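[1] Got a predicted model here, sequence first, then my questions.
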Amino acid sequence: MLKAGFVLDGKYRILSVIGQGGMSTVYLAVHERLKQKWAVKEISMEYCENYEMISRKLIVEADILKRLDHPGLPKIVDIIEKKDAIWMVMEFIEGKTLKEILNERGRIEEKEILIWGKQLCEVLSYLHSKKPSIIYRDLKPENIILKKTGRLVLIDFGTAREYCYKNTACDAMYLGTKGYAAPEQYGGMGQTDARTDIYCLGVTLYSLLTGYNPEKPPYKIYPEKYWGEHISLEMKSLLLKCIQSEPEKRYQNCRELAYALSQIDYKKQKEKENERRKIIKFLIFMMVGQLSLMFCIGCKKVSFCYKEEAVVRYINIAEKSEDKKEASQYYKLALELIPEEKLIYQSMIKYFIRLNHFQIEDAVILLDLINSVCEEGTVIEIFQKHNALGYAEFSYALGLGYFYDMGNITGKGASEKWFCEAIDTMTSQDENEAFGKQKRKRAGLYAKIANYYNTFLLNGTDQSGERGTGDFMDFYKTLHSLNQFEVTQKSTKSDLAAAYLISREITIEIMNYAEQFLKDSSINKKMLNKELEKIEERTKYFIKEKKQMEELYQFMNEAKQKIEIADSFKDKEDVRDAGGT
């Protein structure tokens, strides 16, 4: 075992042990020159009985990871081999494992599980889409890290393998974790495939939701009746399908499972009855009031005034409700009365899109509301027809909600439609002036970034089917244009808030994709650092919150380190290419 202070291969100074298992030890190390933190995984002959086999596994793991490029997977930077030990140097993922989080909380709320489940489907789908497919085979809370940004990262590829298309003995050995492993992982029950990972994901979500640990005796999933009333019937049904013993009865791929997660709706019978009774009572009360007014005055104008008063009352009740389903019922009543009323849409944005907390469940409810049908069409179509400016502002706000407050790759991709809607709706000069020239420009740039997520980052390729370096040059130009946002001491609070969000987004993108940017010969280290310098100059105007200040500077420092590291590796590759090696 390496001691703190030891310098491995003349480059990596060991700081501490951060993980230890039966086959390996993981250290936290720092690069002597670049000061970047790395995780170092060690297999030593001294502590490993099956050293030869385990060391081969580590090399296979490194070989798999070095060919992958996804924000939900760690990156490999170095392999060091010696006679009695082997070390793999990889990206250090700062955060907590889901096992640690589960131990702290006891169990995880279903709302959070929906987000995590979608992210894990996204990572597994990426692995399964490789040629040949990569089957992970050891999904469990201990192997998933939650970063501070809210992104889940899959670690430990010691049991992963490439799918064998021929019927060979490549999958004969049992690998996995007892309790989480699918039946076919125990050997003699067929080859593992993508559906094996779906089984493991189902058990993982079950463990997080219920707090039960399938690694402990009796190493099984408890019957559904013991799971608890806090889990919706839809979620229970989904989990039961994931953990079917026969692969043919499970979801057949992660896209199917991701769709099922997005469709889950909270509908408990008792809550539905209570909501229905409340709504009926309220409707009767309002109808009696309406009839009284109409009878006494008999004026259409008064009828419309009543509708406006009723809409305001419905909005107030919805905003005060802590139950999203109840709130949605009152918003629906308001939309049925005056579907073009701007106040309703502003209120729905405020209610469903909270800071850094716009969930898939919220998006589903909101989209159901605006797509509800009345005599003239859907309420959102009527709103667009009668109030183009209000519709554009709603679309822009919803786009920001997806882009920033949902924030993951799925959310950013979904924002494209709404930013485009905001731009396309503003057809006249008066509307454009009212909406704001700068806001329109920002909407266009956000849409470009979102399109990049949809056609490149999310799918792994662009629409032409090729992943060329030109894609990153286009992406850099979009970020560069977005970074031209100017602020001064006289800037409004709205502009300052936008400047912070834009600065944070650009910094995170440079941090995540520094290596890919620098692989493009048209982009260099100086260009990326210049974007960060512009952001740093801007901070003096808009960052007042200490937490925001610390977070942004942390991201900037990480981005600078990633640029240095990527640039140093690029120099080495250039030297090798020049030398013909």
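    Perfect, I can see it now. Residues are numbered from 1 along each chain as shown.
[2] When you work out contacts or count neighbours from here on, use the C-alpha atoms and nothing else.
    OK.
[3] And stretch 34-52, end to end?
    33 Å (CA to CA, to the nearest Å).
[4] Which positions within that stretch qualify as buried?
    The neighbour-count check on stretch 34-52 (16 or more other CA atoms under 10 Å) flags 36, 37, 38, 39, 40, 41, 42, 43, 44, 45, 48, 51 as buried.
[5] next one: stretch 202-213
    Buried-residue list, stretch 202-213, by 16+ other CA under 10 Å: 202, 203, 204, 205, 206, 207, 208, 209, 210, 211, 212, 213.
[6] Over to stretch 489-496?
    Using 16+ other CA under 10 Å as the test for burial, stretch 489-496 gives 495, 496.
[7] Dump that stretch to CSV, restricted to CA.
    C-alpha atoms of stretch 489-496 as CSV (Å, rounded to 0.1, in the frame of the first residue of the first chain):
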residue,chain,number,x,y,z
GLN,A,489,-23.0,49.2,-12.7
LYS,A,490,-26.3,50.5,-14.3
SER,A,491,-27.4,47.1,-15.5
THR,A,492,-30.9,45.9,-14.3
LYS,A,493,-31.3,43.0,-11.9
SER,A,494,-32.7,41.0,-14.7
ASP,A,495,-29.6,41.5,-16.9
LEU,A,496,-27.3,40.8,-13.9
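[8] circling back: just put the buried residues of stretch 34-52 in JSON lines and tack on distance to residue 392, pLDDT and secondary structure.
    What follows is the buried residues of stretch 34-52, written out as JSON lines (distance: CA to CA, whole Å; pLDDT from 0 to 100; DSSP: H, G, I helix; E, B strand; the rest coil):
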{"residue": "36", "distance to residue 392": "44", "pLDDT": "91", "secondary structure": "coil"}
{"residue": "37", "distance to residue 392": "45", "pLDDT": "92", "secondary structure": "strand"}
{"residue": "38", "distance to residue 392": "46", "pLDDT": "94", "secondary structure": "strand"}
{"residue": "39", "distance to residue 392": "47", "pLDDT": "93", "secondary structure": "strand"}
{"residue": "40", "distance to residue 392": "50", "pLDDT": "94", "secondary structure": "strand"}
{"residue": "41", "distance to residue 392": "51", "pLDDT": "89", "secondary structure": "strand"}
{"residue": "42", "distance to residue 392": "55", "pLDDT": "88", "secondary structure": "strand"}
{"residue": "43", "distance to residue 392": "58", "pLDDT": "83", "secondary structure": "strand"}
{"residue": "44", "distance to residue 392": "61", "pLDDT": "81", "secondary structure": "strand"}
{"residue": "45", "distance to residue 392": "65", "pLDDT": "76", "secondary structure": "coil"}
{"residue": "48", "distance to residue 392": "63", "pLDDT": "67", "secondary structure": "coil"}
{"residue": "51", "distance to residue 392": "63", "pLDDT": "71", "secondary structure": "helix"}
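[9] would you list the residues you listed in a markdown table and tack on distance to residue 403?
    Converted to a markdown table, those look like this (distance: CA to CA, whole Å):
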| residue | distance to residue 403 |
| --- | --- |
| 36 | 29 |
| 37 | 29 |
| 38 | 30 |
| 39 | 31 |
| 40 | 34 |
| 41 | 35 |
| 42 | 39 |
| 43 | 42 |
| 44 | 45 |
| 45 | 48 |
| 48 | 47 |
| 51 | 47 |
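[10] Out of the residues you listed, the closest to residue 513 would be?
    Of all these, residue 36 has the smallest distance to residue 513: 16.1 Å, by CA to CA.
[11] For the closest one, give me its contacts.
    By CA atoms under 8 Å, 6 or more residues apart in numbering, the contact set of residue 36 is 30, 561.
[12] make it 10 Å
    Residues near residue 36 by CA atoms under 10 Å, 6 or more residues apart in numbering: 12, 29, 30, 91, 92, 558, 561, 562, 564, 565.
[13] Would you check how far apart it and residue 89 are?
    To residue 89, residue 36 is 12 Å away according to CA to CA.
[14] buried stuff in the longest helix along the chain?
    Criterion DSSP state H: the longest helix present in the chain is helix 546-579. By neighbour count, with 16+ other CA under 10 Å as the criterion, the buried positions of helix 546-579 are 552-553, 555-556, 558-567, 569.
[15] And those, which is closest to residue 62?
    Minimum distance to residue 62 across the buried residues of helix 546-579 is 17.4 Å, recorded for residue 569 (CA to CA).
[16] Pretty sure that closest one sits against residue 77.
    Yes. If you go by CA atoms under 10 Å, residue 569 and residue 77 touch, sitting 9.2 Å apart.
[17] So residue 414: helix, strand or coil?
    Following DSSP: H, G, I helix; E, B strand; the rest coil, we place residue 414 in the helix state.
[18] try residue 15
    The three-state assignment at residue 15 reads strand, by three-state DSSP.
[19] Touching, it and residue 35? I think so.
    No. When contacts are counted by CA under 10 Å, residue 15 is not listed as touching residue 35 (11.9 Å).
[20] Look up the residues that both of these two are in contact with.
    Any residue near both residue 15 and residue 35 by CA under 10 Å, 6+ apart counts here, and that gives residue 29.
[21] show me what contacts the residue positioned nearest the centre of the chain?
    Against the mean C-alpha coordinate of the chain, by CA atoms, centre = their mean, the closest residue is residue 408 at 2.8 Å. Going by CA under 10 Å, 6+ apart, residue 408 touches 115, 118, 119, 149, 150, 151, 152, 402, 414.
[22] among those, who's most crowded?
    Neighbour counts for the contacts of residue 408, by other CA atoms under 10 Å, peak at residue 402, which reaches 28 neighbours.
[23] Please name the nearest non-neighbouring residue to it.
    The spatially closest residue to residue 402, leaving aside those adjacent along the chain, is residue 411, at 4.7 Å (CA to CA, 6 or more residues apart in numbering).
[24] how far away is that neighbour from residue 228?
    Using CA to CA, residue 411 is found at 30 Å from residue 228.
[25] quick one, strands of the stretch 51-200 of the chain?
    76-81, 85-91, 95-97, 134-135, 144-147, 152-154, 161-162 (DSSP state E, counting those that start in this stretch).
[26] brain fart, the stretch 301-450 of the chain
    Remark: strands assigned in the stretch 301-450 of the chain by DSSP E, counting those that start in this stretch are 373-374, 377-378.
[27] Mind telling me which of the ones you listed the model trusts least?
    Per-segment mean pLDDT for the strands of the stretch 301-450 of the chain reaches its minimum on strand 373-374, at a mean of 80.
[28] neighbouring strands for that one, and are they parallel or not?
    Partner strands and pairing direction for strand 373-374 (DSSP bridges) are strand 377-378 (antiparallel).
[29] you'd agree residue 231 is in a helix?
    No. Assessed with three-state DSSP, residue 231 is coil; it does not lie in a helix.
[30] how about it, phi and psi?
    Residue 231 has phi and psi values of phi -100, psi 130 when expressed as degrees, to the nearest 10.
[31] Once you drop chain neighbours, what's closest to it?
    Closest residue to residue 231 apart from its sequence neighbours, by CA to CA, 6+ apart: residue 110 at 6.7 Å.
[32] ok, that neighbour to residue 375 distance?
    To residue 375, residue 110 is 36 Å away according to CA to CA.
[33] Neighbour count: the two, which is higher?
    Set side by side, residue 110 and residue 375 show more neighbours around residue 110, with 18 against 8, by other CA under 10 Å.
[34] does the more buried one really touch residue 233, like I thought?
    No. Contact criterion CA under 10 Å: residue 110 and residue 233 do not qualify, at 11.4 Å.
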